[in-house]
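Engineer: need coordinates for the below:
(chains A and B)
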Amino acid sequence: MAKGQEITITLPDGAQRAYTAGVTGMEIAESISKSLAKAVIAARVNGEICDLSLPIEQDSAVALIKREDEAALEMIRHDAAHVMAEAVQKLFPGTQVTIGPSIENGFYYDFARNEPFSSEDLAVIEKEMRKVVERGAPFTREVWNRDEAIKYFTDKGEMYKAELIKDLPESEEIKIYRQGEWLDLCRGPHMPTTRHVGTAFKLLKVAGAYWRGDSNRAMLTRIYGTAWRTDKELQDYLTQLEEAEKRDHRRLGREMDLFHIQEEAQGSVFWHPKGFTIYNQMENYIRRRLKSAGYVEVKTPQLIDNKLWQASGHWGKFRENMFVVPDEVPNTEEEGPIFKGKFERLMALKPMNCPAHVQIFKQGIKSYRDLPIRMAEFGCCHRNEAHGALHGLMRVRQMTQDDAHIFCTPEQITQESIAFCELLQKVYKDMGFDGLNVKLALRPENKAGTDEIWDKAEQGLRDALDAAGVAYEDLPGEGAFYGPKLEFHLKDAIGRTWQCGTLQLDFVLPERLDASYIGPDGNRHRPVMLHRAILGTLERFIGIMIENYAGKLPLWLAPVQCVVATITGSADSYAQDVYEMLQKAGLRAELDIRNEKINYKVREHSVAKVPAIFVVGEREGKDRTVAVRRLGSQDQSVIPVAEAIQSLAEEAKAPY
RNA sequence: GCUGCCGUAGCUCAGUGGUAGAGCGCGUCAUUGGUAAUGACGAGGUCGGGAGUUCAAUCCUCCCCGGCAGCACCA
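Structural biologist: Have a look, this model is predicted:
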């Protein structure tokens, strides 16, 4: 387009304005109003956020972004990362910069430095950052020649930046952003000056992170920070972090006496009576759901000969996560090795249930008329997870999945997938989760089966998701080697996401373990296997539930549903009656006739998150009533005991 | 597994180169109290484990174990 030509800019309200080609976002803002020019930080040109200084050459839709807009957050965070990098290099010369993106709630920057950063360093860096912001140097964008850029960074000793540039595609411009003295390779965009970062930021923690996410490469030092538009937003976020800490399932698990984990069984859960009550309620709920959805339930061995794991492929692909046990009599002498010589026979604790389910499928001859077979097991699996991965109930080494395998014909994949998605949605709704975070993991580089099979399989899952009305996100390359998978993620208290439910198509295992059925044509065919779990594992799901409800579980799951607490000793015998009535009504009740004041009892049971307290004193005993106090409410209502129990029992019914 | 930080009573935490303290919890006694902590007294810890430095180590150094955060891996 020729210089000086006129272009039309369409603003968000539909207004159209004429400008000379090459006009910048800032110039547009200035032409509208002075105050707008002052407040604006970036331009969204045809949907893409750009620097205000970027010339616009063609007719475009332009929206000007102000610092108070939601869209500014990402830029504030990204710019804060640059500011931090400048501060770090000023304070710690010789530190190499690598990458520093904005993330949810903040930003980080990865540095290469021999010395670690201490928490005192963080305070100093933060102080220096405030100086950089105060200085308010403009961000200016430059495009460099590739070879010169590589030479520049190499000469400076910035080997990581040089590597990044080398790996950029030839077609990509090498963009450099300057902020005063300091500059960085960056794709942008940035706000007009460092001053726009503002003051509402804070450095939070320092941790290690591998260069390019590869555990074979150098470990860098990552500094995390949070940044917001206003100090109030920052303060709210910090308060929210503190609140989240109180919802941590590991903390609540101890406070509510639900479970514990100890050194001698790292990553495995000791369920206490109260925690196991929740566990059993969940398991039984799922069991009812599965039964009515046409599943059959089985139980298979814990220890299985490695011959089966070799045949299934786990021995090759999954062995480093397996606990292997020799089928030998250990040496009982004081001296000498536990086992002598080489092992005749090795067993492994099952890390998954699938090969065992195939063994059941293979008993006898199956007809196409038998399919689909939906085989469920609350299978206890062991996986030798890395120590650093273990995390309370969320990541354990002994887990119980609400696992099932659906053996079906290729034609049945879509309908089975739809049915599963619908069942999962019902369950998550019952558990109090509204939004589903669904990901579709697509074919990895290293995969079994032809592209044709994968096309079909991936499309089958897409169809199922669409039919069930589920929104999802693609994860290219993340599928299992044996088939694509759906992942259903939930968030914990501090926003970490955990995969819970899953649906995985598998074309490989039936082949490897030689499972077959007789088709209508009288010939043998391979069934398709769908690996699927709704909760994922009971451990993780219960962990998420505890955090989601902050320990205040719905009545049907609460370990203790009601405490009968007396005001005076003279009400003991009536309290005993009420307690027995509660038990008869099938409610999980406790009786508190301790010699304590009612204030004390109410506080203690409230802190323990008991959903209902029946307070009884002399009056209630005389009138056959109870004073009902519900968790989270200061109110109390005195009602006839039979009525109170009946309504509580009604409310305590499981959702299914 | 990697990087960093941490490890004192059941829990939350203070503390010192001369082998320890608080609050809550627990036990006993008194108190019979009307909806988020009644009072008094008492018990309880070889300060994660091992080695070293030192006249002397819970404190300093090293190694190991464990926890936490992040990364990698994953339900």
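
Engineer: for the stretch 351-500 of chain A, which residue gets nearest to RNA strand B?
Structural biologist: Distances between the stretch 351-500 of chain A and RNA strand B by Cβ to the nearest atom of the strand are smallest at A:G388, namely 1.8 Å. (C-beta placed from N, C-alpha, C; glycine too.)

Engineer: show me what contacts the residue positioned nearest the centre of chain A?
Structural biologist: Among the residues of chain A, A:T497 comes closest to the average C-alpha position under Cα atoms, centre = their mean, at 1.0 Å. The contact partners of A:T497, taken as Cβ atoms under 8 Å, 6 or more residues apart in numbering, are A:437, A:489-491.

Engineer: check it and give its pLDDT.
Structural biologist: Per-residue confidence at A:T497 stands at 92 (pLDDT).

Engineer: and if you look at A:Q636?
Structural biologist: On the pLDDT scale, A:Q636 gets 92.

Engineer: thought it was touching A:T625?
Structural biologist: No - counting by Cβ atoms under 8 Å, A:Q636 sits too far from A:T625 to count as a contact (11.2 Å).

Engineer: which one of these two is surrounded by more residues?
Structural biologist: The neighbour comparison of A:Q636 against A:T625 (other Cβ atoms under 10 Å) goes to A:T625, with 21 against 14.

Engineer: tell me what the more buried one is bridged to.
Structural biologist: When assigned by DSSP bridges, A:T625 has beta-bridge partners A:P640.

Engineer: I'd say it and A:A642 touch.
Structural biologist: No - the criterion here is Cβ under 8 Å, and A:T625 misses it with A:A642 at 9.7 Å.

Engineer: ok, the residue lying closest to A:N306 once chain neighbours are set aside - contacts?
Structural biologist: Distances taken as Cβ to Cβ, 6 or more residues apart in numbering place A:L346 nearest to A:N306, at 4.5 Å, with adjacent residues excluded. Counting by Cβ under 8 Å, 6+ apart, A:L346 makes contact with A:305-306, A:324-327.

Engineer: A:L346 and RNA strand B, how far apart?
Structural biologist: For A:L346, the distance to RNA strand B equals 22 Å [Cβ to the nearest atom of the strand, to the nearest Å].

Engineer: same thing with A:S215?
Structural biologist: On the measure of Cβ to the nearest atom of the strand, A:S215 and RNA strand B end up 3 Å apart.

Engineer: any idea of the pLDDT on that residue?
Structural biologist: 92.

Engineer: confirm it sits in a strand?
Structural biologist: No - with DSSP: H, G, I helix; E, B strand; the rest coil as the criterion, A:S215 is coil rather than part of a strand.

Engineer: burial measure for it, as a count.
Structural biologist: 7.

Engineer: kindly provide the whole-number mean pLDDT of the helix or strand that contains A:E148.
Structural biologist: Assigned by DSSP states H and E, A:E148 falls within helix A:146-155. The average pLDDT within helix A:146-155 is 94.

Engineer: what helices and strands are in contact with that helix?
Structural biologist: Secondary-structure packing of helix A:146-155 (3 or more Cβ pairs under 8 Å, 6 or more residues apart in numbering; DSSP states H and E): helix A:159-167, strand A:174-179.

Engineer: buried set for that helix?
Structural biologist: Within helix A:146-155, the residues that qualify as buried are A:149-150, A:152-153, counting by 16 or more other Cβ atoms under 10 Å.

Engineer: distance-wise, check A:K307 relative to RNA strand B.
Structural biologist: In terms of Cβ to the nearest atom of the strand, A:K307 sits 24 Å off from RNA strand B.

Engineer: how many neighbours does that residue have?
Structural biologist: For A:K307, the number of neighbouring residues by other Cβ under 10 Å comes to 12.

Engineer: quick one, what contacts it?
Structural biologist: So A:K307 contacts nothing (Cβ under 8 Å, 6+ apart).

Engineer: where does it land in three-state SS?
Structural biologist: A:K307 is classified as helix under three-state DSSP.

Engineer: over to the one 4 residues further on?
Structural biologist: For A:A311, the secondary structure call by three-state DSSP comes out as helix.

Engineer: isn't it up against A:P510?
Structural biologist: No - here A:A311 lies out of contact with A:P510, judged by Cβ under 8 Å, at a distance of 12.0 Å.

Engineer: these two: which has the busier surroundings?
Structural biologist: A:P510 (22 against 16).

Engineer: right, and that one touches A:V358 too?
Structural biologist: Yes - using Cβ under 8 Å, A:P510 is in contact with A:V358, at 6.9 Å.

Engineer: name the SS class of the residue of the stretch 101-250 of chain A found nearest RNA strand B, please.
Structural biologist: RNA strand B sits closest to A:G208 of the stretch 101-250 of chain A, with a gap of 2.9 Å, by Cβ to the nearest atom of the strand. Three-state call for A:G208 (three-state DSSP): strand.

Engineer: likewise A:V438?
Structural biologist: Put simply, A:V438 is strand when judged by three-state DSSP.

Engineer: excluding its backbone neighbours, what's nearest it?
Structural biologist: What sits nearest to A:V438 in space, not counting adjacent residues and going by Cβ to Cβ, 6+ apart, is A:Y472, at 3.9 Å.
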